[in-house]
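S.K.: Structure, please.
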Amino acid sequence: MTDNDVQPPKIEFPCERYPIKVIGTAGEGFSDLVIEVIQRHAPDLDASTLVMRDSRNGNFLSVQVLITATSVEQLQAIHVDLRATGRVHMVL
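M.R.: Residues are numbered from 1 along each chain as shown. Have a look, this model is predicted:
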């Protein structure tokens, strides 16, 4: 088996409770920014699923939410818009 044989897992859409984890520089309003961007693409986002964790030194913050993913294009748009904020370092 080569690296070319490895395929990412297939997602069946709609996919309920799809986790999106966003890591960025800790600071005021970061979680609100993440929610705002994701809600543009997933208006049914339930903010009660939000989980935040500070990094050990407090420099970074991870924000995880669960959405109903409807398409690959939706997930790509969320990723692009989050990265475009300039505050997001990684989207998982």
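S.K.: Report the beta-bridge partner residues of residue 24.
M.R.: The partner list for residue 24 in beta bridges (DSSP bridges) reads residue 61, residue 88.
S.K.: and it, how many neighbours?
M.R.: Residue 24: 22 surrounding residues under other Cβ atoms under 10 Å. The way it works is simple: take the backbone N, C-alpha and C, and place the C-beta from them, glycine included.
S.K.: repeat for the one 3 residues further on
M.R.: One way to gauge burial is a neighbour count; for residue 27, by other Cβ under 10 Å, it gives 11.
S.K.: now residue 86
M.R.: 7.
S.K.: swap in the one 4 residues further on?
M.R.: For residue 90, the number of neighbouring residues by other Cβ under 10 Å comes to 12.
S.K.: Would you confirm that it contacts residue 55?
M.R.: No - Residue 90 sits out of contact with residue 55 when judged by Cβ atoms under 8 Å, with a separation of 11.9 Å.
S.K.: Check the gap between the spatially most central residue of the chain and residue 78 for me.
M.R.: For the chain, the residue nearest the mean C-alpha position is residue 20 (3.2 Å; Cα atoms, centre = their mean). Separation of residue 20 from residue 78 (Cβ to Cβ, to the nearest Å): 7 Å.
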